[in-house]
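**Student:** coords below, sequence missing:
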Ligand SMILES: Nc1ncnc2c1ncn2[C@@H]1O[C@H](COP(=O)(O)OP(=O)(O)OP(=O)(O)O)[C@@H](O)[C@H]1O
Ligand SMILES: [Mg+2]
């Protein structure tokens, strides 16, 4: 008896939680399908309207910005490229640097690890001027490389992979050595497949991190061609009407897609004990 | 020249631990050599130096006429079975077995034949597609063996491969390993601290203590003529009995009894060693024993007691004994089976 009651209770709490998450998104979505007049006169809407296609079409293709060059769809693409690049490069660099730190026991491995770890204390926002200087000296202003490169190393990810590698038993390396695996093969044939779930988890984190960047792309891109979705939001709240809702819904799609694709591994990665 | 020669091997770990001290050993082709000794004596270290997993601080290891000190582990042509098996967790059994062959660049067809053959031999054919996590302990052990066998190496190295199995399985696998080794005739080195494994598996034993080989010999030699008190104590169950005493005029004397045998040894302080099965119940026996504990094993009974000096002594009787705890018995010692060790150095004197 008491068991069913507590089960009900658990479910009620979960349902309330789900509603808290879903309802605002639903309201935004529902509102995004009405016309400007309805929103202005009656506020945000619970029910669906009939302007879905018109609104989304306009948002995706209407030119914005000062020079009227950028559209939401190209901003989406820019954001995707930036987030994807950051996530991919971060995963690669941190996998490899963790490998070096853990398996190549040179004298400076520990100090180097702590130096990497210290960079956590210096986020991009803090070093934004010198970073800009470097990137602009390299001639990378207004390029994807310039958007991606300064964000493509992560102490947190290095730390995660290091902890994981340290938990890999030494015998595995020894057995692999006897089986003729050199250090590159051990990395590719053992560590990478064994950390597959962590790679997925890190990829998602870093994708969202890159996707949400605001200050860096703002400083980096004087050319509107390189604007990202998050930067575009500002423009939208200033000038557009109901399209802002469509825009918000659209901007959520890329991270959601990445999560959906990698979800199975991601969850395993979060709860991985061994 | 022997197939595998260890010449004056010393191993000092970076932290200063001297794990192996100037040890030499020759192992013949097809021989089954067992390293046995207490925990921390350096057995694994010696084995791992043969495998190439530890650097050799000093000395030289020759395999099949070639010095292998500087040769990469994978090129030494040795295969190792680890205590925890070290199977590749993300690969199925087939890939576990074939990984080494693939790295050697053998053809797919060749690999397939070899893997199938070994899987057949070890009866793991049904599991080829499974991951190690989906296997029982015994099955994993087989896969680990298979991974060593499939490469057809010059030497098998085993580091306590049976210690994670339950007692019954351990006995079975022990016999299987012996059979396999005999039929394949591959030189093998087997590390264990279990003396039953050591006695039953080895063509020869190297009893290791504190980084040196205390005795090298066939299991029976080691059992019947232990070279030191340490070896006598370590090999044999129940443990060898020891009584302190002295040699006077070629005869052994302790404070509670005297042996009537001309031992032909100079006067010295010694330790007398004798095994539980070399004692016999006798009215006129020279040792009188107050029984403390009786262990009935079915086939034998092991009787633990104290002599007049309070020295504990253990005596073994076959079958189910009728003796009882608290009883005082007289036992006599088979004087031809005694071992005399120097009290200070522990070396055998007779
Ligand atoms: N990597 C290492 N660094 C420093 N000392 C070590 C290292 N490995 C082993 N030792 C030391 O060397 C000695 C021998 O160790 P070894 O592992 O060879 O013992 P063992 O005979 O295999 O023992 P066991 O039966 O417990 O496995 C021990 O004193 C151990 O503490
Ligand atoms: Mg060991």
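**Tutor:** Great, that's in hand. In this text the structure is predicted, and so the values were computed from the model without any measurement. Numbers count the residues shown, from 1 in each chain, chains lettered A, B, ... in the order given. Ligands and ions are numbered 1, 2, ... in the order given.
**Student:** Not counting its neighbours along the chain, what's nearest residue B:288?
**Tutor:** Spatial nearest neighbour of residue B:288, excluding adjacent residues (CB to CB, 6 or more residues apart in numbering or on different chains): residue B:330 at 5.2 Å. Every C-beta, even on glycine, is put in place using the N, C-alpha and C of the backbone.
**Student:** ok but that neighbour is inside a helix, no?
**Tutor:** No. With DSSP: H, G, I helix; E, B strand; the rest coil as the criterion, residue B:330 is strand rather than part of a helix.
**Student:** Could you pull out the buried residues of stretch B:154-171?
**Tutor:** Within stretch B:154-171, the residues scored as buried using 16 or more other CB atoms under 10 Å in any protein chain shown are B:154, B:155, B:156, B:157, B:158, B:159, B:160, B:161, B:162, B:165, B:170.
**Student:** The third one contacts residue B:79, doesn't it?
**Tutor:** By that I understand residue B:156. Yes. A contact is recorded between residue B:156 and residue B:79 when judged using CB atoms under 8 Å, the distance being 5.8 Å.
**Student:** Which strands or helices does the lengthiest helix in chain B pack on?
**Tutor:** Using DSSP state H, we find that the single longest helix of chain B is helix B:167-184. Applying 3 or more CB pairs under 8 Å, 6 or more residues apart in numbering or on different chains; DSSP states H and E, one finds that helix B:167-184 makes contact with helix B:137-149, helix B:195-201.
**Student:** So which bits of that helix are buried?
**Tutor:** With the criterion 16+ other CB under 10 Å, helix B:167-184 contains buried residues B:170, B:173, B:174, B:177, B:178, B:180, B:181.
**Student:** how about the residues of the stretch 101-250 of chain A that lie near chain B?
**Tutor:** Taking CB under 8 Å from any CB of the partner chain as the test, the list of the stretch 101-250 of chain A residues beside chain B reads A:169, A:171-172, A:174-181, A:185, A:189-190, A:193-194, A:196.
**Student:** just to revisit the earlier point, any idea which of the buried residues of stretch B:154-171 is closest to residue B:140?
**Tutor:** Distances from residue B:140 to these, taken as CB to CB, are shortest for residue B:165 (9.7 Å).
**Student:** Would you agree the closest one falls within a helix?
**Tutor:** No. The assignment for residue B:165 (three-state DSSP) gives coil, which keeps it out of a helix.
**Student:** Look at it and report its pLDDT.
**Tutor:** On pLDDT, residue B:165 comes in at 91.
**Student:** wait, it sits on residue B:173?
**Tutor:** Yes. Counting by CB under 8 Å, residue B:173 is a contact partner of residue B:165 at 6.3 Å.
**Student:** what's the overlap in contacts for these two?
**Tutor:** Common neighbours of residue B:165 and residue B:173 (criterion: CB atoms under 8 Å, 6 or more residues apart in numbering or on different chains): B:138, B:141.
**Student:** right, so the helices and strands packed on helix B:167-184: which one is the most enclosed?
**Tutor:** Per-stretch averages of neighbours, counted by mean count of other CB atoms under 10 Å in any protein chain shown, single out helix B:137-149 among the helices and strands packed on helix B:167-184, with a mean of 22.
**Student:** for the record, mean pLDDT for it?
**Tutor:** Along helix B:137-149, the predicted local confidence has a mean pLDDT of 94.
**Student:** OK, now which residue of the stretch 51-200 of chain A is nearest to ligand 1?
**Tutor:** Closest to ligand 1 within the stretch 51-200 of chain A is residue A:170: 9.4 Å, counting by CB to the nearest ligand atom.
**Student:** pLDDT below threshold where in the stretch 151-274 of chain A?
**Tutor:** Of all residues in the stretch 151-274 of chain A, those with pLDDT under 70 make up the ranges A:236-240, A:269-274.
**Student:** one more time with 90
**Tutor:** Low-confidence segments of the stretch 151-274 of chain A, defined by pLDDT under 90: A:152-153, A:196-198, A:201, A:218-248, A:259, A:261-274.
**Student:** show me where chain B has helices.
**Tutor:** Taking DSSP H as the criterion, chain B carries its helices at B:43-51, B:93-103, B:108-121, B:137-149, B:167-184, B:195-201, B:219-224, B:229-234.
**Student:** mind putting those in a markdown table, distance to residue B:213 included?
**Tutor:** Compiled in a markdown table, these are given as follows (distance: least, CB to CB, whole Å):
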| stretch | distance to residue B:213 |
| --- | --- |
| helix B:43-51 | 9 |
| helix B:93-103 | 31 |
| helix B:108-121 | 33 |
| helix B:137-149 | 25 |
| helix B:167-184 | 21 |
| helix B:195-201 | 13 |
| helix B:219-224 | 11 |
| helix B:229-234 | 10 |
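**Student:** right, and residue A:31 touches residue A:39 too?
**Tutor:** Yes. Taking contacts as CB under 8 Å, residue A:31 lies within contact range of residue A:39: 6.1 Å.
**Student:** Point out the residues in chain B that sit beside ligand 1.
**Tutor:** For chain B, the residues in contact with ligand 1 under the definition CB under 6 Å from any ligand atom are B:13, B:15, B:17, B:19, B:37, B:39-45, B:193.
**Student:** now with 5 Å?
**Tutor:** For chain B, the contact set with ligand 1 under CB under 5 Å from any ligand atom comprises B:13, B:15, B:17, B:19, B:39, B:40, B:41, B:42, B:43, B:44, B:45, B:193.
**Student:** doesn't residue B:39 make contact with the last one?
**Tutor:** What it means is residue B:193. Yes. Using CB under 8 Å, residue B:193 is in contact with residue B:39, at 6.1 Å.
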